[in-house]
Structures are given as structure tokens and as C-alpha cells.
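Peer 1: coordinates only, sequence not included:
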């Protein structure tokens, strides 16, 4: 595997972890304002490693 591909994979993993942490913070503050469908959708996105930008 080339160095460039490895760096891209590391960046995606970092972005996903950052997104997950941000979601947890947002959820703590706004849990009462979000529908169950929204929470489920974001949790599924994070579980399957899909990084939305």
C-alpha cells in the first residue's frame, strides 16, 4: 500500500472519530429536540463508517 493511500485512510478514520465525538456532544445538549428517526439515522451513519461532510 502506498504512503498516500495510507494517509487518506488515516484521515478518514480521524474525521469519522471527530464527527462521532461532535455528534455525542450535540446529542447531549439537544436530545429533547431531535426525533428518534434523526438519532437513528446519524447513529447508523456513524456505525457503518460513512463520513458525511
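Peer 2: Arrived safely, thanks for sending. Since this is a predicted model, take the numbers as computed values, not measurements.

Peer 1: Report the contact partners of residue 4.
Peer 2: Applying C-beta atoms under 8 Å, 6 or more residues apart in numbering to residue 4 gives no contacts. From N, CA and C alone the C-beta is placed, and that goes for glycine too.

Peer 1: and it, helix, strand or coil?
Peer 2: helix (DSSP: H, G, I helix; E, B strand; the rest coil).

Peer 1: So it versus residue 15, what's the distance?
Peer 2: Between residue 4 and residue 15 the distance is 17 Å, computed by C-beta to C-beta, to the nearest Å.

Peer 1: so where's the protein shaky on pLDDT?
Peer 2: Applying pLDDT under 70 to the chain flags residues 1-2, 6, 9-10, 12-14, 16, 49-53.

Peer 1: pretty sure residue 23 contacts residue 41?
Peer 2: No: Residue 23 lies out of contact with residue 41 (C-beta atoms under 8 Å); the separation is 11.1 Å.

Peer 1: out of those two, which sits in the more crowded spot?
Peer 2: residue 23 (15 against 11; other C-beta atoms under 10 Å).

Peer 1: quick one: contacts for that one?
Peer 2: Here residue 23 is in contact with 42, 46 (C-beta under 8 Å, 6+ apart).

Peer 1: Can you name the next helix or strand after the host helix or strand of it?
Peer 2: Counting by DSSP states H and E, the element that carries residue 23 is helix 3-30. Next helix or strand after helix 3-30 toward the C-terminus (DSSP H and E): helix 36-47.
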